[in-house]
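1. take a look and give me a structure for this.
(3 chains)
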Amino acid sequence: MRKRNRFLVLLAAVGLVATACTGAEGDGASAGSGSYPRNQTLFTSGSQWGVPSNANPFRQGDYATGTVGLLYETLFLFDPLGSKYEPWLAEKDEWVDDKTYQVTLREGLKWSDDEPITAEDVAFTINLGKMKTVPYNPLYSSIESVEAVDELTTKVTFSEPHYQQWANWVYFNPIVPKHLWDGRSEKDIMQGANFDKPVGSGPYLVEAHDQDRMVWKKNENWWGKDKLDLDMKPTYIVDLVNSSNEAALGQVLQGEIDLSNNFLPGIASLVKGGYKLETYYKDAPYMLAANTTWLVPNTTKAPLNDPAFRRALAFSVDTDKIVNSVYNNIVQKADPTGLLPIWDKYIDKGVVDELGPTYDTGEAKTLLSQAGYRDTNGDGFVENKDGSPISLKLATPSGWTDWNEAGRVIADSAKAAGIQLTAETPAAEVVQDQRESGQFDLILNNDRQMDDTPWRYYEYIFGLPVLENQTTINYGRYENQQAWDLVTQLDGTKVDDQAGMSALMSQLQRIQLTEEPVIPLWYNGLWAQYSNAVWTNWPSADGGQIVPTMWRGYPQKGAIKMLAELKPAPEEQ
Amino acid sequence: MTQQNTDPVGADVEPTPVGAATSEVATVPGVATVHTAPVRREALYFARRNKKLLGGLAVVLVFLLLGLLGPLFTGDDPLAYVGPPSASPSGEWLFGTTTFGQDVFAQFVHGLRATFFVGVVAALISGVLGMVIGFTSGYRGGLLDEILNMVTNIVLVLPVLAVLMVVVAYLEVRSLTSQAIIIGLYNWPWVARAVRAQTLSLRAREFVDLAKLSGAPVHRIIFREIAPNMASYLFMVFILLFGGAVLFAATLDFIGLGPTDGTSLGLMLNQAKQWSAMNLGLWWWFIPPGLGITVIVSAMYIMNVGLDEVFNPKLRES
Amino acid sequence: MGRYFGRKLGIYVLTFFVAVTINWIIPRFMPGDPVRTMVSRAGLQDPAGVAAMREYYTNLFGFDLPIWQQYLNFWGELLQGNFGTSLWAYPQPVGSIILAAVPYTLGLLLPAILLSWWAGNKFGAYAARKKVLDNTVLPVWYVLTATPYMWLAILLAWALGKVAGIFPVGRSFSASLQPEWSWLFINDLISHWFLPFLSLFLVMFGGWAIGMRNLVIYELEADYANYLGALGAPQRLVRRYAFRNALLPQVTGLALQLGVIVGGQIVTEIVFDYRGLGYLVLQAINANDLFLLQGIFLFIVIGVLVANFIIDIVYVLVDPRTRVGMSA
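-> Okay, here's the model as predicted:
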């Protein structure tokens, strides 16, 4: 008896302590030492899925959130919503002649160790491209020479100009300090963690990193405060690693995360549910469109090697059902060209009206029978032209719940049109393996993000040559030399030559819609939900139009300016 | 009783007293109690009067019927979008709907089917494996016993779920059947151990000696003489294996290592978590599957206690 | 005594050897290529760059060596305490990631096991043969022990965390704090610890209580108990003997349960995003980090083996009969 009492007392004590301290927490985060003052800290989530393992800007797939943007900066920004390049580290640039590019830095820029930022740094960074494993090595092969003309001006001479790729480079790739990176081996540059007090030019510096968070502290001496008149509001930025979207949602609702760039199912009902939550649009689709989800057919396998069959498949997919039921309208149906809304001006409406597929099971059936696919064995599904049965598989990575659901909808609607298609969910690793080696029938993919030019999309669709392993583009292994020549021509068109670009793209769209090498389905959202509990004045369609995300590649798309626009929420009594 | 002094944990010679043997079955902690009394005719008499047994059995049967017959009424595809999204339970949608408008009740009854399937198949596999290895090891003795015992001890000590996770994580495509087989292949050691101990004690009995003298072959002795004397015990082992397998399967499903197609109670829990049912307040999505598992498994356990009382006169309520 | 422990130790060493070997084999013969995982993270397009990267990682992971040498190297590294490099947290060593997670796991596991074992035994013995009490609490215990760990965890998180808002759900401490020795942090730590602890405790408690209850009933029916009763010994005394005798199998039960408990721990950590080994397991699976998975698995096996060995020793210490047997 005595012992049991002691046990109960112990349990009660534990409970009391626990309750006591949660009580304190509920009172609104009293900030003591060892904590980040809540009202000066921005908590973000949704861009980092693994442990923040490096602050190395050359590891474009896994650098810690903010490495480019907060720590290292680019010469220009590109604002996809306003569709314009904005000078950042650079003051101006120009093509002196067809093959010579010249960029001039702002005056008086400084690294965080007080060394000046000069044209030497720019030239050094570009020249790192000679290393095979640096991501822009392919582009570098068309560069003849790079030269720091004076303190601020860098001159790049091309053997063959890729205007589109270069425009992409100057806004996407950050400049690193020569005085600290010079002499590093290729291994150091590509494998180094670069976590030991890295010196950058940006508005934040590495404060701490841990298994589940990356902490940035404001750089009070940042050059942009004077030169750009931008003052970053949060003193600390804590980027949290969440193991699941569900965990992130819980923290958003509790006001522990200010900006969540996670896919949060059900957000539509929560935005209207009094949680102080906000999204870019007040109503559906709530989010900006960030990238296109494509249904990628393996064009080397029968019957998917037949454009007529692919077109029939495109007509069979009930995308509205995916948009409505799977996503509850937080995404939009894609244009038949797959081009994002920000590229609307490049869409040739005439071509789309003439050729663009829409959901129409009857039309899909007609197309199939016209092309010679008939149900000869009476099982309700069409057979190959030689009479052998068709049985296709659509693979989406296990655990990618929205895609798994979408896969089921696609399979169901294909079956309704007479195409035997089953949805499978193998492990993500297996899907990747099949995708790269070309052993799949159909997959979903969205590897290209919104960008400065649709050239990146067309490279993704038509890129040649097809290699044994297709690691980043043209997973469907579609070979069309004529189309690829057009894409190359597009690359050689200057970014301000709108008419020239449009003409080429119109031709590409005609090929795309007749051939359907990839079938655009819907635009994945730029998932962003903000809590107004601590910070307000978030980007929105009718306020500051800025892309509201910390995802890699987006700070240089203007998201960095969001940090200067934030305002502390009014104190609550 | 004398053997117990030499080796308490049973690496070598197994203790046979009632108490210690209980812990042998403790993979589901302490639920089973072991004894080797043959099934008596009077058992049936007590079985009909045992409330625990009847109650447990009734619950299990109700769920089994629901699993078998339910799908006939709810249609073949529990994943189809048939209703309004996120509807709470009502006359039309008994258990409400998911965020996509899937019928939770339809998923539940299909899930029950999957649960019983995995439970039975896995329990059969591990039951048979455990018995064969246990009988052989206990009856043959010698080097074979040493080796089998060693294997058993090794598998017994490896953390089950961790191993299953590693194995399952690397399977390319997972089905309900492969899940059942994997669980079955992993859950036999404690059965083998307990059966071995029982066999050791039975081997020394007179009727076995008699059979040996009459020249009966080994398998005959095992299956004709020894196994029937352990029938009641083996039946209870099967129930425990069933419960264990169901819980394992649910755990694997939950962490995303379940079958890659179809539905099960564990997968429902997994889906509910993935789609934030908790944060969105869709309690009808995550309560039924967990409750279903809990009720089935606990009914099984209570049935087991009832059986124990039936077979073991000392435990009967007087 | 020495021979007894020698034999036990032999089995453990053999088990360890088998576990390490299985652990080494499984990932190597299953789909999934860590080299490609790493290469694809670099996001390269150019075949020459991809090839150079492949070569680098193949070499780093030692996949360019003959398979037997990889196996021997694995042992060599292991004995130096080197579990390799994690992919999930590249380039951190697996060992240090695991060590950082261990305190959280043990902090949950040890109190949950010990308290549930202790309380389960007490309550189980108390309920045995007290008809009214027995009939009311026994079904509850069965329900507890039949509850899937993660479901109870979800229920608690939903009821006490989300609806009632008493406890925080998710993470082992608040995102706004840094680990340090302050009351603020310790309070925060405990409040995050309580729900996962409670869910583990409850499920285990049911099991132990049932076990003890059954054992005590058996003991009370044993000949010695009847004999004592016939001699006129007080009921209290008889019960105390029964309790003592029933305790021994419960010790063995503890050893046998460890593997299952570890499993429950894993899913509980996953539900609560509690940064222990279970959470790491999920991360490793998702990131296809076979080195981390191997490391955690080995660590768990070693932990279970050590715990088993300790329980063996405890058994010998608490059971006088075994001591007599061994010295004879």
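2. chain center to the longest helix seen in chain B: distance?
-> Longest helix in chain B by number of residues, with DSSP state H as the criterion: helix B:104-140. With Cα atoms, centre = their mean, to the nearest Å as the basis, helix B:104-140 stands 6 Å off its chain's centre.
3. anything in it sitting right up against chain A?
-> No. With Cβ under 8 Å from any Cβ of the partner chain as the measure, helix B:104-140 is seen stopping short of chain A, the closest distance being 13.5 Å. Yep, even glycine has a C-beta here, placed from its N, CA and C like the rest.
4. show me where pLDDT drops low in the chain?
-> You didn't say which chain, so I picked chain A. A:1-34, A:572-573 (pLDDT under 70).
5. I was after chain B.
-> In chain B, residues with pLDDT under 70: B:1-43, B:157, B:159-163, B:165-166, B:168-173, B:313-318.
6. close to chain A: what parts of it are there?
-> B:79-81, B:85-86, B:99-101, B:169-170, B:172-173, B:256, B:260-261, B:271, B:273-276, B:278-280.
7. of those, buried ones?
-> The neighbour count (16 or more other Cβ atoms under 10 Å in any protein chain shown) marks B:79-81, B:85-86, B:99-101, B:169-170, B:256, B:260-261, B:271, B:273-276, B:278-280 as buried among the residues of chain B next to chain A.
8. restricted to helices, list those.
-> Using DSSP H, those in helices are B:A169, B:Q271, B:K273, B:Q274, B:M278, B:N279, B:L280.
9. and the nearest residue to the fifth one once chain neighbours are set aside, how many residues sit next to it?
-> Think B:M278. Closest residue in space to B:M278, ignoring its immediate chain neighbours: C:W158 at 5.0 Å, by Cβ to Cβ, 6 or more residues apart in numbering or on different chains. C:W158 has 19 neighbouring residues, counting by other Cβ atoms under 10 Å in any protein chain shown.
10. could you do B:T74 as well?
-> 19.
11. how about it, phi and psi?
-> phi -90, psi 0 (degrees, to the nearest 10).
12. just give the nearest non-adjacent residue to it, would you?
-> Per Cβ to Cβ, 6+ apart, closest to B:T74 is B:A106, 3.7 Å.
13. which residues of the stretch 151-300 of chain C lie near chain A?
-> Neighbours of chain A within the stretch 151-300 of chain C, by Cβ under 8 Å from any Cβ: C:162, C:165-171, C:174-178, C:180, C:182, C:184-185, C:187-188, C:190-191, C:193-194, C:270, C:273, C:275, C:279, C:282-283, C:286-288.
14. redo that, cut-off 7 Å
-> Within the stretch 151-300 of chain C, the positions near chain A by Cβ under 7 Å from any Cβ of the partner chain are C:166-170, C:175-178, C:180, C:182, C:184-185, C:187-188, C:190-191, C:194, C:273, C:275, C:279, C:282-283, C:287-288.
15. just for chain C, where's the confidence low?
-> Where chain C drops to pLDDT under 70, the residues are C:1, C:26-27, C:29-32, C:320-328.
16. ok, which stretches of it are helices?
-> Per DSSP H, chain C carries helices over the ranges C:2-28, C:34-42, C:47-60, C:67-79, C:94-127, C:131-146, C:149-156, C:183-221, C:223-231, C:235-272, C:277-286, C:290-318, C:320-327.
17. OK, contacts around the nearest residue to A:L180 once chain neighbours are set aside?
-> Once flanking residues are discounted, A:L180 sits nearest to A:V199: 5.7 Å by Cβ to Cβ, 6+ apart. Contact partners of A:V199, counting by Cβ atoms under 7 Å, 6 or more residues apart in numbering or on different chains, are A:W111, A:S112, A:D113, A:P177, A:L180.
18. which helix or strand contains A:V199?
-> According to DSSP states H and E, A:V199 maps onto no helix or strand at all.
19. what's the separation between it and A:S112?
-> 5 Å (Cβ to Cβ, to the nearest Å).
20. and what of A:G82?
-> Counting by Cβ to Cβ, the separation of A:G82 from A:S112 is 29 Å.
21. those two - which one has more neighbours?
-> Taking neighbours as other Cβ under 10 Å, A:G82 and A:S112 compare with A:S112 leading, 20 against 12.
22. doesn't A:G200 make contact with the more buried one?
-> Yes. With contact defined as Cβ atoms under 7 Å, A:S112 reaches A:G200; the gap is 5.8 Å.
23. now stretch C:15-28: buried residues?
-> Neighbour-count burial for stretch C:15-28 [16+ other Cβ under 10 Å]: C:T15, C:F16, C:V18, C:A19, C:V20, C:I22, C:N23, C:W24, C:I26, C:P27.
24. check whether that stretch comes near chain A.
-> No. Stretch C:15-28 lies apart from chain A when judged by Cβ under 7 Å from any Cβ; the minimum separation is 11.1 Å.
25. now do B:S126 against chain C, distance only.
-> 14 Å (Cβ to the nearest Cβ, to the nearest Å).
26. could you give the number of residues near that residue?
-> B:S126 has 26 neighbours, counted by other Cβ under 10 Å.
27. A:Q102 bridge partners, please.
-> Note on A:Q102: beta-bridge partners A:E94, A:K155, judged by DSSP bridges.
28. rewinding a little: centre of the chain to the very next helix or strand once past the longest helix of chain B, how far?
-> Going down the chain from helix B:104-140, the next helix or strand is helix B:142-157, by DSSP H and E. Distance of helix B:142-157 from the chain centroid (Cα atoms, centre = their mean) equals 22 Å.
29. measure how helix B:142-157 sits relative to helix B:104-140, angle-wise.
-> Put simply, helix B:142-157 runs at 150 degrees to helix B:104-140, going by axes from the mean of the first three to the mean of the last three Cα atoms, to 10 degrees.
30. show residues contacting helix B:142-157.
-> Helix B:142-157 is contacted from outside by B:11, B:133, B:136-137, B:189-190, B:192-193, C:11, C:14-15, C:18, C:304-305, C:308, using Cβ under 7 Å, 6+ apart.
31. mark which of these are buried, thanks.
-> Buried members of the contacts of helix B:142-157, counted by 16+ other Cβ under 10 Å: B:11, B:133, B:136-137, B:189-190, B:192-193, C:11, C:15, C:18, C:304-305, C:308.
32. tell me the one among these nearest to chain A.
-> Among those, C:V304 lies closest to chain A (Cβ to the nearest Cβ), at 24.2 Å.
33. could you double-check that that closest one sits in contact with C:V260?
-> No. Counting by Cβ under 7 Å, C:V304 does not reach C:V260; the two are 10.5 Å apart.
34. just to revisit the earlier point, for the buried ones among the contacts of helix B:142-157, which one is nearest C:K122?
-> Distance to C:K122 across these (Cβ to Cβ) is lowest for C:N308, with 24.2 Å.
35. and the nearest residue to the closest one once chain neighbours are set aside, how far is that from chain A?
-> Excluding its sequence neighbours, the residue lying closest to C:N308 (Cβ to Cβ, 6+ apart) is C:A255, at 5.0 Å. Going from C:A255 to chain A by Cβ to the nearest Cβ gives 23 Å.
36. and what of B:F235?
-> 37 Å.
37. and the host helix or strand of that residue, how far from the chain's centre?
-> Taking DSSP H and E as the definition, B:F235 sits inside helix B:231-252. Counting by Cα atoms, centre = their mean, helix B:231-252 is centred 1 Å from the centre of its parent chain.
38. the inter-axis angle of that helix versus helix C:131-146?
-> Per the same axes, to 10 degrees, the angle that helix B:231-252 makes with helix C:131-146 is 50 degrees.
39. contacts (any at all) between chain C and helix B:231-252?
-> Yes. Helix B:231-252 lies within reach of chain C by Cβ under 7 Å from any Cβ, at B:G243, B:L247, B:A250, B:T251.
40. just the buried residues from those residues, in ChimeraX please.
-> Restricted to buried positions by 16+ other Cβ under 10 Å, the ChimeraX selection for the residues of helix B:231-252 next to chain C reads:
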select /B:243,247,250,251
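41. can you redo the residues of helix B:231-252 next to chain C as CSV with distance to C:I266?
-> Below are the residues of helix B:231-252 next to chain C laid out as CSV (distance: Cβ to Cβ, whole Å):
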residue, distance to C:I266
B:G243, 19
B:L247, 13
B:A250, 13
B:T251, 8
